[in-house]
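>>> Build the 3D model from these lines:
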Amino acid sequence: MNTAAKRAPGATDLAPLDVERVRRDFPILSREIAGHPLAYLDNAASSQRPQSVIDAEAHYYSEIHANVHRGVHTLSQLATEAYEGARDKVRTFINAASVREIVFVRGTTEAINLVAQSFARPRLAPGDEILITWLEHHSNIVPWQLLAEQTGAKLRVVPINQAGEVEIPAFESMLSPRTRLVAVAHVSNALGTVVPVRRIIAAAHARSIPVLLDGAQAVPHMRVDVRELDCDFYAFSGHKMFAPTGIGVLYGRKELLEAMPPWQGGGDMILKVSFAGTTFNELPHKFEAGTPNIAGTVGLGAAIDYLEALGLDRIGAYEHSLLAYATDALKTVPGLRLIGTAADKASVLSFVLDGIHAHDIGTILDSEGIAIRTGHHCAMPVMDFFGVPATARASLAFYNTRAEIDRLVAALAKAREVFG
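Residues are numbered from 1 along each chain as shown. From the prediction side, this is the model:
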């Protein structure tokens, strides 16, 4: 049975989410597109921001803007408190052991590249192996391809099945004495598959192989506890979790981060510089060269406050019910085929419609005020596996409604009429 139809764990104990009240927190949801109310169903690409996040950024710029860590004046001290306060919110949010394990980056992509170049590159020799899956976003493929070219290592890819699930027995058989790192998505951005990462981590750790998780699509939809997962690295982006663009997080075990060389050099990652050499700063600043995205970090902290106030369990319960409704509704559309029918899914629906290119579907839906994503979703190997050039993808958040799903289905019927 598809988990889309199941209740989220503990859902019976939760007060229901007041979605109409929640929607009022997001100013953009009140606007119209092409004369229709906006139905924003492109949350896997980037989510919208609540007013509290917008206000937090505005307050930073209007009241306390200054550079952090470097000034003794009042504004610098206030900015530093806000910046480092956000780091502690992230630590609590994912249950890291220390703020020293929280590195601010531009997003998931930069976090993965940091691990590739600082952690993996010094440890790889020709013939060593990096293991990923067929589900990965390009950001969890290309950095490892570049690394393989630089070091002579091999990139090996774990297969998936027709439901879009990782073949775990194949994964376990592909672990070898030459495997130096496993890097997998927690949730697939293209299909919504929730990957059984605990089993993956346990199998890798049984062979002393470190694991990186791409959590960009997981953090907005479920409670993530990095210590319970027992992962070595966890990467995610702010803009997919209702925070500003250009800010993200790399969690890494303290002992691993301490052993890694800096990736970039410049201000704030140093303690002392002379022409004879440089003494690097302590964690996490060793990996945060230059002036950071202070406003984005403050906004990330505000987004975490917002999510915690709503409750990740309540969010998950509502999104599971909405996914079930949307899955059943789309199955009523003649000629529509869902791509990705894993038994455990997050709120992503990828589909194709007979005789209509995904981009044409997106254009018709946009004329009805409905925003979806069309294309390969930065996951071309997934498209190749299913033999399609592209899919239409509706990705849901807790501010979406059943009425918006009904509008989606009606607009798809219009697309079928237009294209015969």
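>>> Give me the buried positions along stretch 375-383.
Residues G375, H376, H377, C378, A379, P381, V382, M383 are the ones in stretch 375-383 that count as buried (16 or more other Cβ atoms under 10 Å). Backbone N, C-alpha and C define where each C-beta goes, glycine included.
>>> Now do the phi/psi pair for the fifth one.
In terms of degrees, to the nearest 10, the main-chain angles of A379 are phi -150, psi 60.
>>> Report the contact partners of the nearest residue to it once chain neighbours are set aside.
Distances taken as Cβ to Cβ, 6 or more residues apart in numbering place A190 nearest to A379, at 3.9 Å, with adjacent residues excluded. Taking Cβ atoms under 8 Å, 6 or more residues apart in numbering, we find A190 in contact with 135, 137, 340, 348, 350, 376-379, 382-383, 391, 393.
>>> Closest to T332 out of those residues?
Distance to T332 across the contacts of A190 (Cβ to Cβ) is lowest for S350, with 17.2 Å.
>>> and the gap between the closest one and V382?
Here the criterion is Cβ to Cβ, to the nearest Å. By it, S350 lies 9 Å from V382.
>>> Tell me which entries of the buried residues of stretch 375-383 lie within strands.
G375 (DSSP state E).
>>> and the two most separated of the buried residues of stretch 375-383?
Most distant of those, by Cβ to Cβ, are G375 and P381, 14.0 Å apart.
>>> how about the helices in the stretch 51-200 of the chain?
51-59, 74-94, 108-114, 142-151, 168-174, 197-205 (DSSP state H, counting those that start in this stretch).
>>> Format those as JSON lines; extra columns: mean neighbour count, distance to L229 and mean pLDDT.
Below are the helices of the stretch 51-200 of the chain laid out as JSON lines (neighbours: other Cβ atoms under 10 Å; distance: least, Cβ to Cβ, whole Å; pLDDT from 0 to 100):
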{"stretch": "helix 51-59", "mean neighbour count": "17", "distance to L229": "26", "mean pLDDT": "98"}
{"stretch": "helix 74-94", "mean neighbour count": "18", "distance to L229": "9", "mean pLDDT": "97"}
{"stretch": "helix 108-114", "mean neighbour count": "24", "distance to L229": "16", "mean pLDDT": "98"}
{"stretch": "helix 142-151", "mean neighbour count": "17", "distance to L229": "21", "mean pLDDT": "98"}
{"stretch": "helix 168-174", "mean neighbour count": "14", "distance to L229": "16", "mean pLDDT": "98"}
{"stretch": "helix 197-205", "mean neighbour count": "18", "distance to L229": "6", "mean pLDDT": "98"}
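>>> quick one: which of these is nearest G35?
Nearest to G35, of the helices of the stretch 51-200 of the chain and by Cβ to Cβ, is helix 51-59 at 24.9 Å.
>>> mind checking how far the residue of the chain positioned farthest from its centre is from R393?
When distances are taken from the C-alpha mean of the chain, A276 lies farthest, 41.2 Å away, according to Cα atoms, centre = their mean. Taking Cβ to Cβ as the measure, A276 and R393 are separated by 54 Å.
>>> before we move on, what about P262?
37 Å.
>>> tell me which of the contacts of A190 is nearest to V298?
Of the contacts of A190, the one sitting nearest to V298 (Cβ to Cβ) turns out to be H137, at 26.9 Å.
>>> State whether the closest one and M380 are indeed in contact, as I suppose.
No - at 10.1 Å, H137 does not count as touching M380 under the criterion of Cβ atoms under 8 Å.
>>> quick revisit: could you dump the buried residues of stretch 375-383 into CSV and include pLDDT and distance to D55?
Formatted as CSV, these follow (pLDDT from 0 to 100; distance: Cβ to Cβ, whole Å):
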residue, pLDDT, distance to D55
G375, 93, 33
H376, 94, 36
H377, 95, 32
C378, 95, 31
A379, 94, 35
P381, 96, 41
V382, 97, 38
M383, 97, 40
